[in-house]
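1. coordinates for the following, if possible.
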Amino acid sequence: MLAIRKATDRGHADHGWLKSFHTFSFADYYDPRQRGFSDLLVINDDSVAPAKGFAQHPHRNMEIFSYVLQGALEHKDSLGNGSVIRPGDVQLISAGSGVTHSEYNHSASEPVHFLQIWIVPNVRQAEPRYQQEHFSTEQKRGRLCLIISPDGAAGSLQVRQQARVYAGLFDGAEQASLTLDEHRYAYVHVATGSVELNGQRLQAGDGARLRGVREIDLRGGEQAEARQRAAITVLMRLSVARR
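-> Numbering: from 1, shown residues only. I've put the predicted structure just below:
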């Protein structure tokens, strides 16, 4: 089964400095039919105004990764880490027994646009840790680049869950496929542009749950804006869904 969740069906919050779209129930947005998918709990599509952001706040027992699409996101945490995350960078915080962090737009003049995705870990109260890696356009062009995995394979960031996350850039004739075994479900989120998933056209912000699907095929990417040059797709391969 392939079930599409349209971008226009997502929850939306406009706080002035923050404009956020919620694929799943989050904060003041609640839909009992949208409470995550398998161990995937949150996909927030956030745009933050210049010099604004999230003050120091806590997390516990959650795997949180950020994928910047435009601009620069400044991060500081209680583990002593400080960094600026730019397009191509992937940041993964394993909150474990507890961590606090802040996230601000690094620019005083330009907005920052990023995805923040939460995955429920398979171990609780573990030692918190921080990881960050850059994945180039070339690594993602016309293919699914592994960016997060349980074992850190191929230079990916290591997550505490049986989940693998891929990112790809697709334009024109570029095509990639992924075979799932019978114990895996998947979720596809289109960050920008437009792409065909198993013959069905998805637009920016659309997502798709895949259950009992053995082959994922992505092709026919179309750019939404010149700066993006292609559809950006984030695909998560998950354990059998609990929700």
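2. state the distance from the residue nearest in space to the middle of the chain to Ala153.
-> Nearest residue to the geometric centre of the chain (CA atoms, centre = their mean): Ile117, 4.5 Å. Remark: distance between Ile117 and Ala153 (CB to CB, to the nearest Å) = 19 Å. Glycine gets a C-beta too; all of them are placed from N, C-alpha and C.
3. packing partners for the helix or strand of the chain with the lowest mean pLDDT?
-> Taking mean pLDDT, DSSP states H and E as the measure, the helix or strand of the chain with the lowest value is strand 231-239, at a mean of 73. The contact analysis (3 or more CB pairs under 8 Å, 6 or more residues apart in numbering; DSSP states H and E) places strand 231-239 against strand 112-119, strand 164-170, strand 184-192, strand 194-197, strand 215-222.
4. right, and those strands - which one's nearest Phe37?
-> Set against Phe37 and scored by CB to CB, these come closest in strand 184-192, at 5.6 Å.
5. quick one: strands adjacent to that closest one?
-> strand 207-210 (antiparallel), strand 231-239 (antiparallel) (DSSP bridges).
6. which of the helices or strands spans Gln131?
-> If you go by DSSP states H and E, Gln131 is part of strand 129-134.
7. circling back: out of the helices and strands packed on strand 231-239, nearest to Val42?
-> Closest to Val42 of the helices and strands packed on strand 231-239, according to CB to CB: strand 112-119, at 3.7 Å.
8. show me what that closest one packs onto, helices and strands only.
-> Under the contact criterion of 3+ CB pairs under 8 Å, 6+ apart, strand 112-119 touches strand 40-48, strand 63-70, strand 231-239.
9. reformat those as TSV; add distance to Tyr185 and mean neighbour count.
-> Below are the helices and strands packed on strand 112-119 laid out as TSV (distance: least, CB to CB, whole Å; neighbours: other CB atoms under 10 Å):
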stretch	distance to Tyr185	mean neighbour count
strand 40-48	9	22
strand 63-70	17	20
strand 231-239	5	23
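10. output these as CSV; include the columns distance to Ala204.
-> CSV is the format used below for the helices and strands packed on strand 112-119 (distance: least, CB to CB, whole Å):
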stretch, distance to Ala204
strand 40-48, 9
strand 63-70, 10
strand 231-239, 8
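11. ok, which of the ones you listed comes nearest Ala27?
-> Closest of those to Ala27 is strand 40-48, at 9.0 Å (criterion: CB to CB).
12. what residues does that closest one touch?
-> By CB atoms under 8 Å, 6 or more residues apart in numbering, the residues outside strand 40-48 that reach it are 10, 17-24, 26, 36, 62, 73, 103-105, 111-120, 163, 187, 189, 191, 205, 207, 236, 238.
13. now swap in stretch 136-149 and tell me
-> Contact with stretch 136-149 is made by 65, 88, 90, 92, 133, 135, 153-154, 156-159, 163-171, 174-176, 178, 218, 230, 232, 235, as judged by CB under 8 Å, 6+ apart.
14. what about 7 Å?
-> With CB atoms under 7 Å, 6 or more residues apart in numbering as the test, stretch 136-149 has contacts from 65, 88, 90, 92, 135, 153-154, 156-159, 164-170, 174, 176, 178, 235.
15. in terms of helices and strands, where is Ser177?
-> Here Ser177 is covered by strand 175-179, with elements defined by DSSP H and E.
16. sheet-wise, list the partners of that strand with their directions.
-> Strand pairing (DSSP bridges) places strand 175-179 next to strand 215-222 (antiparallel).
17. if we look at the partner strand, which residues are touching it?
-> With CB under 7 Å, 6+ apart, strand 215-222 has contacts from 168, 170-172, 174-180, 186, 193-198, 210, 230-231, 233, 235.
18. which stretches of this structure aren't confidently modelled?
-> 223-231, 239-243 (pLDDT under 70).
19. tally of neighbours for Ala186?
-> By the measure other CB atoms under 10 Å, the count of residues near Ala186 is 25.
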